[in-house]
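>>> got a sequence here, can you model it:
(chains A, B, C and D)
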Protein chains: 2
Amino acid sequence: MRVRETQSPAMLRLSRLAGLTATDLALLEPGMLTGHLARSRREILREGEEITGAQIIVSGWAVRARLLADGRRQFLSFLLPGDLIGHCRHSRPLAVSTIVALTDVRLCAAPAPSTSASLAEAYAVSQALDEAYLLSHITRLGRLNAQERIGDLMLEFHERLTLAGLVTHNGFEMPLTQEALGDALGLTSVHINRMLQLMRREGDLTLKGGRLILSDPPVLARKVGRAPIHVTANPPQAEA
Amino acid sequence: MRVRETQSPAMLRLSRLAGLTATDLALLEPGMLTGHLARSRREILREGEEITGAQIIVSGWAVRARLLADGRRQFLSFLLPGDLIGHCRHSRPLAVSTIVALTDVRLCAAPAPSTSASLAEAYAVSQALDEAYLLSHITRLGRLNAQERIGDLMLEFHERLTLAGLVTHNGFEMPLTQEALGDALGLTSVHINRMLQLMRREGDLTLKGGRLILSDPPVLARKVGRAPIHVTANPPQAEA
DNA sequence: CGCCTTGTTGAGCCCTTTCAAAGGATGTGG
DNA sequence: CCACATCCTTTGAAAGGGCTCAACAAGGCG
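Got it, this is the predicted structure:
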């Protein structure tokens, strides 16, 4: 199953998760073109609302967040191109977190999994990955120090965006403000700032104008103690 | 659907999640009696292993954990009576975390969801709850201070054990050592100890001989800023 | 050009950790 | 029933990592 050059990042990701057929791609393609747009900072889904239908992130970044009564907030996970929203298997599900667009986000309806077994498999693998990354996030917050948290999160982005074909020479668009990074990593933006400077000085990364470059991902991974993530015994086609 | 007095905590929990029928209960009951035992401190599942079959915790406490290369470890979530292990919807799934018994744990095989729609619904709701608690755990670690973390976790136990009928007069068995609490909450056992003493002095709780009593759950919930958790628009039958 | 968001910097404080040691429980074997 | 080992809890003193509260610089953008 060769992946075509012309595929969008979202389709590339999904097809890599479960080896989608040409038929599956044909199912996905129309939605990719017709989906709707959520402007930056808009809520895509609000905690406690009933979930209506599953969607796919076509482009842009969004975030799942919990908002505390006193104004504190915590980012739970990031949603990148090819990620799924609102897949539930029980009746009348409620959203357990709010989803906010961090950039302009293009969304489309996800074809029902019942239409294709391989598509259903891709959804299931995607969801398993979601959960694995949630668990990593817990470990990050519970046991890593500030510098390790930042490095670990950047490596997660690198890994996930690579799957969607959005990484070149270890560099990729990373549209998060330092305050957003703080909300994700349980730190203040002030401290994020200082640690980023330190990591730049130590040669771990470059971050300028919304573009992040990791100097040497494997070295950074060793430095922050990051282990690779696997959810399937059949590994997805590795990035070229 | 009246719940019988004789039900085990595990069955009580599952039947409350989706209003199980007598047929479902009959499906579950044999397993509850024949399941096998995992001794305290034993691994029930190891990260990276292939998952074989779904199981139900009949009694006892277990924990999902990530172990870091340098010996640090982080508890991801607790598994209490009636909780499910190893439900996956994609082919050849791998365990993304290690599961360790914290007490002696009785386990049984979970009947296949295909045998009953209401049972499948109970599994799905259970899994949605799992995820909701994972998200709460992230918020706990990212945004709460030590005292809030402890209070919030104890309220989670209170809530979940109530569903299984294991709480009387706001008191329940809580077999975690202070070191285990530290591993769950991203704190050292020394600090857990000091904060527990503080909370005892402030009249929030009593903890002695493995039994925890919350003086006033709603008051504590307000104090630590805890919001209730809902995953379904049809609320489960509330505890009597 | 001026506004508004984002990034940068400093000083002091506070929550949590570290390191060490002692005290209580609990269980096992003699 | 005591001796002993092991695990768990408790306590103290000192250090450190990250926070707070400013204030200011630097970019985008209309």
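>>> residues contacting the residue nearest to residue A:214 when sequence neighbours are not counted?
With C-beta to C-beta, 6 or more residues apart in numbering or on different chains as the criterion, residue A:214 has its nearest non-adjacent residue at 4.6 Å, and that residue is residue A:170. Any C-beta I mention is one placed from the backbone N, CA and C, and that applies to glycine too. Shown in contact with residue A:170 (C-beta atoms under 8 Å, 6 or more residues apart in numbering or on different chains): A:158, A:213-217.
>>> and stretch A:227-234, which residues are buried?
A:229-232 (16 or more other C-beta atoms under 10 Å in any protein chain shown).
>>> all strands for chain A, in order.
Using DSSP state E, the strands of chain A run over residues A:36-38, A:43-45, A:55-59, A:62-67, A:73-79, A:84-85, A:98-101, A:105-109, A:171-173, A:205-208, A:211-214.
>>> now, among the contacts of residue A:170, which is nearest to residue A:44?
Nearest to residue A:44, judged by C-beta to C-beta, of the contacts of residue A:170 is residue A:158 at 24.4 Å.
>>> so that closest one sits against residue A:214, correct?
Yes: in this structure, residue A:158 is within contact of residue A:214 by C-beta atoms under 8 Å, at 5.8 Å.
>>> for residue A:23, what are its contacts?
Shown in contact with residue A:23 (C-beta under 8 Å, 6+ apart): residue A:116.
>>> quick revisit: closest to residue B:105 out of the strands of chain A?
Among these, the nearest to residue B:105 by C-beta to C-beta is strand A:73-79 (28.8 Å).
>>> ok, the closest one near chain B or not?
Yes: applying C-beta under 8 Å from any C-beta of the partner chain, one finds strand A:73-79 touching chain B at A:73-76.
>>> mean confidence for that strand?
Regarding strand A:73-79, the rounded mean pLDDT is 98.
>>> show me what that strand is in contact with.
A:57, A:61-68, A:85, A:97, A:99, A:102, A:130, A:133-134, A:137, A:157, A:180, A:183-184, A:186, B:135, B:138-139, B:142-143.
>>> remind me, longest helix of chain A?
helix A:117-143 (DSSP state H).
>>> buried residues of it, list them for me.
Per 16+ other C-beta under 10 Å, helix A:117-143 contains these buried residues: A:118-143.
>>> nearest to chain B, of the residues of strand A:73-79 next to chain B?
residue A:74 (4.3 Å; C-beta to the nearest C-beta).
>>> spell out which parts of chain A neighbour DNA strand D.
By the rule C-beta under 7 Å from any atom of the strand, the part of chain A lying against DNA strand D is A:145-147, A:186-188, A:190-191, A:195, A:209.
>>> tell me the most packed of these, by neighbour count.
Of all these, the highest neighbour tally under other C-beta atoms under 10 Å in any protein chain shown goes to residue A:186, namely 23 neighbours.
>>> can you count the residues close to residue A:213?
Count around residue A:213 with other C-beta under 10 Å applied: 17.
>>> residue A:21 reaches residue A:121, doesn't it?
No: shown here, residue A:21 and residue A:121 do not form a contact pair, counting by C-beta under 8 Å, at 11.1 Å.
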